[in-house]
Structure formats: C-alpha cells, structure tokens
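In: sequence first, predicted model second:
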Amino acid sequence: MTMGLASLPMYVSNRGAVAQLWAAVAAKLREKGLIYTPHALTWPTDLHAHWLNPDLLLSQTCGYPLMDDLAGKVQLVGCFQYDAPGCEGITCHSALIARDEHATLALEDFRGLRAAFNVSNSQSGYNAFRALFAPLSTNGKFFRSTIETGSHRLSVDAVRSGMADLASIDCVTYEGLRRSSPEAIQGLHVVGYTASYPGLPLITSGKTSALDLETMRSVLASVFSNPHAAQALSDLGIVGFENPPAQIYQRCMDMREAAIALGYPTLA
C-alpha cells in the first residue's frame with residue numbers, strides 16, 4: 001500500500017507545534033486502522049500539485065481554490081476553529097495591516113497608496129481584500145499599485161519595510177506572528193477587517209474512502225481530549241473542529257462575483 005501524504009502548510013509560524021499536533025493525530029489515525037498514515041508531515045513547495053496528489057490523506061487549503069480549481073477533485077474533511085481576533089467559530093476575517101503612521105486612516109484614505117497581497121488565488125489575502133475595496137473603486141482602480149509577495153509573511157514584511165502601505169492578512173496568521181514572532185509585526189497596526197468567510201478547509205483526496213474520511217473526522221474532533229496534543233493546540237490557538245457542509249464555501253465565490261459586478265475584477 002502506498003504511504004499517504006499529509007501536510008498542514010497554511011499556518012507555519014510555529015512549525016514545531018504543527019509537527020507535534022500531527023504526531024498526535026497520526027498516532028490515533030494509525031490506531032484506528034489507517035495504516036498508510038505518514039509519521040511526518042510533508043512541507044510542499046508546489047501546493048496545488050500536492051493538493052491534487054491522489055495519495056493525499058490530509059492537508060489544509062484555502063476556501064477560494066477549494067471552490068475554484070480544486071472543486072470536484074478533493075473532499076472536504078472539516079475546519080478547525082481558532083482563538084484569534086477576527087475569528088468566530090469557523091468563520092474569520094482578514095486583518096488589514098498598515099504601519100503605525102497610517103493607524104488613523106479610514107479605508108477611503110488609502111486611495112492612491114500601495115497594496116501588497118500574497119497570491120491571487122488566496123481568499124484571505126486577495127479575494128476578501130478585493131471584495132472590500134470593490135465598492136470604493138473607480139473605473140476598476142483604487143490603489144496606486146499592487147505587489148504580489150508570495151506569502152502572508154512577506155506581505156507583512158512589505159508593509160513594515162515601506163514597500164507597500166496596506167495588506168490583507170489572514171487573522172490567524174497575524175495572531176500566530178504575534179505569538180511566535182512579535183518582532184515581525186512591530187510598528188504595524190490593524191486598521192480594519194474584511195467581511196467574514198469560512199476558515200481554511202481541511203481536505204483529502206477525492207479517492208479517499210468514505211470510511212477513512214469519517215475516521216479522520218472522528219479523530220480530529222477527539223484530538224482536544226488527547227493530552228499528547230494539548231500543548232500544540234494551545235500554541236497554535238486551535239480550539240475546536242467542525243464538519244460543515246461544503247456549500248458554506250460558496251461565500252468565497254460570492255465575494256468574487258460581487259467584486260466583478262462592481263467592475264473590480266482584479267485588485268488594483
């Protein structure tokens with residue numbers, strides 16, 4: 001039997017805690033009969049290819065690609081609940097971050113300034129950002145310029161260094177930096193939040209059996225009573241697990257369509 005693949009690649013400000021959480025989850029999965037559960041996580045560089053690998057046992061993606069290019073190709077396992085400003089249950093917002101010098105600006109006041117985003121298929125860093133500024137745009141334009149950084153952490157760095165003036169950062173990512181790397185956000189201020197959307201979905205291959213899928217859901221729901229996972233859960237701010245209907249992620253597509261309808265198809 002081929003060994004499965006697993007990753008939790010989206011919140012990595014504390015990789016040690018992520019690995020510790022997986023060790024506890026993986027042990028329970030193997031105990032429950034999923035003998036192809038890998039002992040160690042994969043840290044993929046090509047996330048899209050990783051998510052589409054038929055041997056994928058568990059990973060964490062974004063709600064926007066889940067409903068776009070991953071639709072019908074992977075299965076939803078569930079979603080963690082996080083304890084972070086901007087989170088409520090499995091719903092969350094993106095934190096709009098600016099340097100302290102811009103702390104008192106209203107959103108309209110950022111017109112003509114510079115924006116940073118991680119990647120264009122990100123719900124938190126792009127899609128929700130675009131939806132928020134679409135009503136303020138004129139002829140498809142609001143910012144003077146935008147820069148694609150490749151990651152939330154690099155977007156934070158871009159704002160802090162002065163390369164950009166505003167970025168939309170997943171609130172769990174931002175809280176993770178505050179906990180693990182407070183120096184990374186020194187001199188930055190949260191000036192607002194985007195509208196809410198469902199949090200990062202946990203996914204598995206479309207080939208994963210219904211029985212194995214239910215086993216994973218059961219193990220993830222019970223991990224909060226596992227003493228071997230307690231410290232990692234605390235360090236990562238994970239406080240619950242839900243198995244929502246996949247349709248809740250339509251919210252991401254609705255945000256995209258609303259921005260397009262307002263003549264703002266790209267963050268600009």
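Out: All right, it came through fine.

In: how's the protein carved up into domains?
Out: 5-82+200-248, 88-197+254-261 (automatic domain parsing).

In: could you export these as JSON lines, including mean neighbour count and mean pLDDT?
Out: (Each C-beta comes from the backbone N, C-alpha and C, glycine too.) What follows is the domains of the chain, written out as JSON lines (neighbours: other CB atoms under 10 Å; pLDDT from 0 to 100):
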{"stretch": "domain 5-82+200-248", "mean neighbour count": "18", "mean pLDDT": "96"}
{"stretch": "domain 88-197+254-261", "mean neighbour count": "19", "mean pLDDT": "97"}
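
In: okay if I get these as CSV plus distance to residue 267?
Out: Formatted as CSV, the domains of the chain follow (distance: least, CB to CB, whole Å):
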stretch, distance to residue 267
domain 5-82+200-248, 13
domain 88-197+254-261, 5
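
In: my guess is residue 176 contacts residue 237, does it?
Out: Yes: contact between residue 176 and residue 237 holds when scored by CB atoms under 8 Å: they sit 7.2 Å apart.

In: return every residue with contacts to both of those two.
Out: When CB atoms under 8 Å, 6 or more residues apart in numbering defines a contact, the residues bordering residue 176 and residue 237 alike are residue 84.

In: contacting residues around the closest residue to residue 256 other than its chain neighbours?
Out: By the measure of CB to CB, 6 or more residues apart in numbering, the closest residue to residue 256 outside its immediate chain neighbours is residue 127, 5.7 Å from it. Remark: with contacts taken as CB under 8 Å, 6+ apart, residue 127 is in contact with 64, 252, 255, 256, 259.

In: repeat that for residue 208.
Out: Contact criterion CB under 8 Å, 6+ apart gives 56, 57, 75 as the residues in contact with residue 208.

In: okay, and the closest residue to residue 100 other than its chain neighbours sits in which element?
Out: If the residues on either side of it in the chain are set aside, residue 100 comes closest to residue 189, at 5.1 Å by CB to CB, 6+ apart. Assigned by DSSP states H and E, residue 189 belongs to strand 188-193.

In: same for that strand, what does it pack against?
Out: strand 94-99, helix 152-161 (3 or more CB pairs under 8 Å, 6 or more residues apart in numbering; DSSP states H and E).

In: now do the helices in the stretch 101-250 of the chain.
Out: For the stretch 101-250 of the chain, the helices defined by DSSP state H, counting those that start in this stretch cover 128-133, 152-161, 171-180, 210-222, 230-236, 250-261.

In: let me have those in a markdown table, adding distance to residue 111 as columns.
Out: As requested, these are arranged in a markdown table below (distance: least, CB to CB, whole Å):
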| stretch | distance to residue 111 |
| --- | --- |
| helix 128-133 | 9 |
| helix 152-161 | 17 |
| helix 171-180 | 24 |
| helix 210-222 | 43 |
| helix 230-236 | 37 |
| helix 250-261 | 17 |
